[in-house]
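*Asks:* Got a predicted structure here, sequence first:
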Amino acid sequence: MAKYEKNIVGGIECYTPSEYIKKKNLRDEGIKSEIREQLPKVKFYSEKHPYNELTLKEKQSEENEFIAYQRLKTDVHRDYKGNFTWLIFVARREESLKKSEPMFFFKYGGLFNSSDLPKLLDLCWELEVYGQCIFYDQKRYDSKTLKQLIHDFKSANKHIINARNIIIDRTTSDRVKIKQQSPKQMAMFGRSQNVGFTFAQSLIHELEIMEYELDDLVRIARADSKLPAPEKDKEIIKLQYFVYLGEEIFKQIAFQYYFKHLDLSNETTYNSECKKFIVELASMLPEIQGTNIDQIRSAYDRRKKYKMKYLGLYQCETEQEFTQLLKKISL
């Protein structure tokens, strides 16, 4: 890289936007580490019993139990016949829009001095919700594997139903005989381990939930078997909208103020710096960060062929509108 005069952006010496992002991340992590070291020892308290202090392991166990309960709430969508991608997208969007600013703008807003702030924020919000809605519509398992999974799910469900019926029959029988039985005779599946008299009822309930979950897995596997096999260059095509958003955000950077030394009128310089910026951008998005960098670069090199336009995904109001926009991304 050619030598330039000292260039400072937000207190960081750098020469390109991508270099600024890398150095800022390192500096922020260093600051966080110092703060963590100075903090007093963290105390954990139970959500169920607020005055009970817990160890970290106990706190994690309690949180895992809560997460499991929340996961099972998806049963409300069990009979939904529409596009589950839409439901997932709406949930992700709602979570994102709870923030006052898009993640990228919050972290790197110092790069911009935009005269059109609404446009920049639209681009950043769009980037925030992009990804979840486009990378999960291809068959992830081959037909043979899906067929075997369906068989195993159904077989597992059958055995769970049989086991559940045995426990129900035994529990019902115990209730009839309970007055004639001694404590030793009452000991049955699990009760002898002091897990409580309600163990059987709780187990029956959990096994019933597992039945529902296995039914769902069969339905999902069958739906996946109808999805198209991956097409050549499909991932690169789907990346086009990400590349478009990244380039439009890149154009909003205040180069005339922060990076005067960069001659963006030179096509080679422009493409090189924009490509580096987009690669850094990809590392921030969970759905894209694992993508091969060469695929992202290739998608950038072919962007003029596809001529993407701003779609306004994050402003979708109906599943029909969402589905139509997906077609413009998936091409």
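*Replies:* Right, received. Where do you want to start? These figures come from a predicted structure and were not determined experimentally. Residues are numbered from 1 along each chain as shown.
*Asks:* Name the next helix or strand downstream of the worst-scoring helix or strand of the chain on mean pLDDT, please.
*Replies:* None of the helices or strands of the chain scores lower by mean pLDDT, DSSP states H and E than helix 183-186, at a mean of 54. On the C-terminal side of helix 183-186, the nearest following helix or strand under DSSP states H and E is helix 199-225.
*Asks:* What is that next one packed up against?
*Replies:* Other elements packing on helix 199-225 under the criterion 3 or more C-beta pairs under 8 Å, 6 or more residues apart in numbering; DSSP states H and E are helix 143-177. Using the backbone N, CA and C atoms, a C-beta is placed for each residue, glycine as well.
*Asks:* report the angle between the axes of the helix it packs on and helix 199-225?
*Replies:* Here helix 143-177 points in a direction 160 degrees away from that of helix 199-225 (axes from the mean of the first three to the mean of the last three C-alpha atoms, to 10 degrees).
*Asks:* From the centroid of this protein, which residue is nearest?
*Replies:* residue 286 (6.2 Å; C-alpha atoms, centre = their mean).
*Asks:* Now do the SS call for that residue.
*Replies:* The three-state label given to residue 286 by DSSP: H, G, I helix; E, B strand; the rest coil is coil.
*Asks:* Against residue 115, how distant is it?
*Replies:* 32 Å (C-beta to C-beta, to the nearest Å).
*Asks:* where's the residue nearest to the centre of the chain relative to residue 254, distance?
*Replies:* 28 Å.
*Asks:* What is the neighbour count of the closest residue to residue 157 other than its chain neighbours?
*Replies:* Spatial nearest neighbour of residue 157, chain neighbours left out: residue 214 (4.1 Å); criterion: C-beta to C-beta, 6 or more residues apart in numbering. Neighbourhood size, residue 214 [other C-beta atoms under 10 Å]: 19.
*Asks:* List the contacts of residue 214.
*Replies:* Counting by C-beta atoms under 8 Å, 6 or more residues apart in numbering, residue 214 touches 153-154, 156-157, 160.
*Asks:* Now list the buried members of those.
*Replies:* 153, 157, 160 (16 or more other C-beta atoms under 10 Å).
*Asks:* for the residues you listed, which one is nearest residue 236?
*Replies:* residue 153 (33.8 Å; C-beta to C-beta).
*Asks:* which among the buried ones among the contacts of residue 214 gets closest to residue 125?
*Replies:* residue 153 (38.5 Å).
*Asks:* Touching, the closest one and residue 217? I think so.
*Replies:* Yes. Under the criterion of C-beta atoms under 8 Å, residue 153 is in contact with residue 217, at a separation of 4.9 Å.
*Asks:* can you give me the strands in this structure?
*Replies:* 8-9, 12-13, 44-45, 53-54 (DSSP state E).
*Asks:* and residue 125, which of these is closest to it?
*Replies:* strand 8-9 (23.7 Å).
*Asks:* now the helices for this structure?
*Replies:* Using DSSP state H, the helices of the chain run over 17-38, 56-72, 84-97, 103-108, 117-129, 143-177, 183-186, 199-225, 234-251, 255-258, 267-282, 293-301, 303-306, 319-330.
*Asks:* weakest of these by average pLDDT?
*Replies:* Looking at the helices of the chain, the lowest mean pLDDT belongs to helix 183-186 (a mean of 54).
*Asks:* per-domain residue ranges of this structure.
*Replies:* The chain is divided into the following domains under automatic domain parsing: 80-138+229-330, 143-225.
*Asks:* Could you say which of the ones you listed is packed most deeply?
*Replies:* domain 80-138+229-330 (a mean of 16; mean count of other C-beta atoms under 10 Å).
*Asks:* can you give me how far it is from the chain middle?
*Replies:* Chain-centre distance of domain 80-138+229-330: 16 Å, with C-alpha atoms, centre = their mean, to the nearest Å.
*Asks:* how near is the residue lying closest to residue 306 once chain neighbours are set aside to residue 262?
*Replies:* In space, and not counting its chain neighbours, residue 306 is closest to residue 240: 4.6 Å by C-beta to C-beta, 6+ apart. As judged by C-beta to C-beta, residue 240 and residue 262 stand 25 Å apart.
*Asks:* try residue 142
*Replies:* Distance of residue 142 to residue 262, given as C-beta to C-beta: 47 Å.
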